[in-house]
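Enquirer: sequence? don't have it. structure:
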């Protein structure tokens with residue numbers, strides 16, 4: 001399945017590492033995804049208040065199905081997310097541009113979760129639509 005098919009089939013995206021600062025990349029991309037019609041929720045242990053976006057402390061706190069988990073965390077932080085990603089079983093684990101950790105994502109791939117690394121969801125979306 002290519003990124004265009006993934007993005008066309010997705011409805012709900014969880015942005016892990018979302019910032020309340022509108023000038024941070026995670027927030028700009030979350031806002032962009034909202035304007036293009038996706039239901040976006042944030043994941044940040046600090047649970048910042050962000051107007052128009054519900055934010056949860058962790059992925060497993062989200063009370064509904066997630067299609068794409070879009071991650072804005074350092075490559076070395078990815079292992080800490082894997083158990084929660086596997087627990088909620090999204091269709092896709094998406095690591096943003098510059099984020100890659102082959103060893104850490106292997107359990108997700110083994111579970112059948114489509115895994116994309118080192119790609120910007122906004123850039124891919126702009127190519128597809």
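Expert: Nice, thanks for sending it over. On a predicted model such as this, the values are computed, not experimentally measured, just so you know. Numbers count the residues shown, from 1 in each chain.
Enquirer: correct me, but residue 128 touches residue 7?
Expert: Yes. With contact defined as Cβ atoms under 8 Å, residue 128 reaches residue 7; the gap is 5.5 Å. Every C-beta, even on glycine, is put in place using the N, C-alpha and C of the backbone.
Enquirer: Compare those two (neighbour count), which wins?
Expert: A count of neighbours by other Cβ atoms under 10 Å puts residue 7 above the other of residue 128 and residue 7, at 22 against 13.
Enquirer: The more buried one contacts residue 125, correct?
Expert: Yes. With contacts counted by Cβ under 8 Å, residue 7 reaches residue 125, the gap being 5.5 Å.
Enquirer: tell me the secondary structure for the residue nearest to the spatial centre of the chain?
Expert: Nearest to the geometric centre of the chain sits residue 70, at 1.3 Å (Cα atoms, centre = their mean). Assigned with DSSP: H, G, I helix; E, B strand; the rest coil, residue 70 falls in the strand class.
Enquirer: Quick check: beta-bridge partners of it?
Expert: Residue 70 has these beta-bridge partners by DSSP bridges: residue 15, residue 94.
Enquirer: so what's it up against?
Expert: 13-16, 29, 33, 94, 96, 121 (Cβ atoms under 8 Å, 6 or more residues apart in numbering).
Enquirer: one more time with 7 Å, if that's ok
Expert: When contacts are counted by Cβ atoms under 7 Å, 6 or more residues apart in numbering, residue 70 touches 13-16, 94, 96, 121.
Enquirer: who wins for neighbours among the residues you listed?
Expert: residue 15 (29 neighbours).
Enquirer: If anything else comes up later, I'll come back, but that's it for now.
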